[in-house]
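A.B. asks: sequence first, then the predicted structure:
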Amino acid sequence: MPRELLLYILVVIMAGVLSLFLCLFAQLRIKDAPGAKPYILVTLLSSIFTFSYAFELSSTSLEQIIFWLRVEYLALPFIPVFLLLMCIEYIGQRIKKVWQYALFTLHHSVHHHLLALYK
């Protein structure tokens with residue numbers, strides 16, 4: 001493995017550790033603050049995505065790369081939705097559960113169809 005790639009993987013792993021630390025910190029210290037629950041989920045999903053990306057970069061076969069890409073894309077579609085929910089909750093607004101489910105469904109279906117274009 002080239003040295004530059006190893007250095008890049010190390011930086012990506014450090015970013016994942018930082019994201020996981022922020023998730024745990026938020027869970028322990030600020031779990032009752034406005035927007036904390038979606039923030040905890042965003043940081044958890046970000047750490048899953050980041051660690052999966054690091055494993056993808058360190059993979060040696062195409063099968064391993066495809067596996068880690070699939071793990072990445074399990075977390076990826078939900079990050080923007082939880083970010084939006086975090087912002088809405090932080091400013092003190094509420095949206096109905098129906099609209100929350102619609103956000104997840106709409107975003108997931110759009111993400112799925114866009115991925116289908118690149119097969």
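C.D. replies: Now that the structure is in, tell me what you want to look at. Numbering: from 1, shown residues only.

A.B. asks: in this protein, where is pLDDT below threshold?
C.D. replies: 1, 107-119 (pLDDT under 70).

A.B. asks: look up the closest residue to residue 92, ignoring the ones flanking it.
C.D. replies: Leaving out its chain neighbours, the residue that sits closest to residue 92 by CB to CB, 6 or more residues apart in numbering is residue 34, at 6.7 Å. Glycine gets a C-beta too; all of them are placed from N, C-alpha and C.

A.B. asks: surely that neighbour is in contact with residue 88?
C.D. replies: No. The criterion here is CB atoms under 8 Å, and residue 34 misses it with residue 88 at 9.8 Å.

A.B. asks: neighbour-wise, which of the two wins?
C.D. replies: Per other CB atoms under 10 Å, whichever of residue 34 and residue 88 has more neighbours is residue 88, with 18 against 14.

A.B. asks: show me what the helix or strand hosting that one packs onto, helices and strands only.
C.D. replies: Per DSSP states H and E: residue 88 is located in helix 79-90. With contacts taken as 3 or more CB pairs under 8 Å, 6 or more residues apart in numbering; DSSP states H and E, helix 79-90 sits against helix 36-58, helix 97-116.

A.B. asks: out of these, which one sits most buried?
C.D. replies: Greatest average neighbour count among the helices and strands packed on helix 79-90 goes to helix 36-58 (a mean of 20), per mean count of other CB atoms under 10 Å.

A.B. asks: just checking, next helix/strand downstream of that helix?
C.D. replies: Once helix 36-58 ends, the next helix or strand along the chain (criterion: DSSP H and E) is helix 62-75.

A.B. asks: tilt between that following helix and helix 36-58?
C.D. replies: Going by axes from the mean of the first three to the mean of the last three CA atoms, to 10 degrees, helix 62-75 is angled at 170 degrees with respect to helix 36-58.

A.B. asks: contacts for helix 62-75?
C.D. replies: 45, 46, 48, 49, 52, 53, 55, 56, 59, 115 (CB atoms under 8 Å, 6 or more residues apart in numbering).

A.B. asks: run the chain-centre distance for it.
C.D. replies: Centroid displacement of helix 62-75 relative to its chain, using CA atoms, centre = their mean, to the nearest Å, is 13 Å.

A.B. asks: do the same with stretch 43-53
C.D. replies: Centroid separation for stretch 43-53 versus its chain: 5 Å, with CA atoms, centre = their mean.
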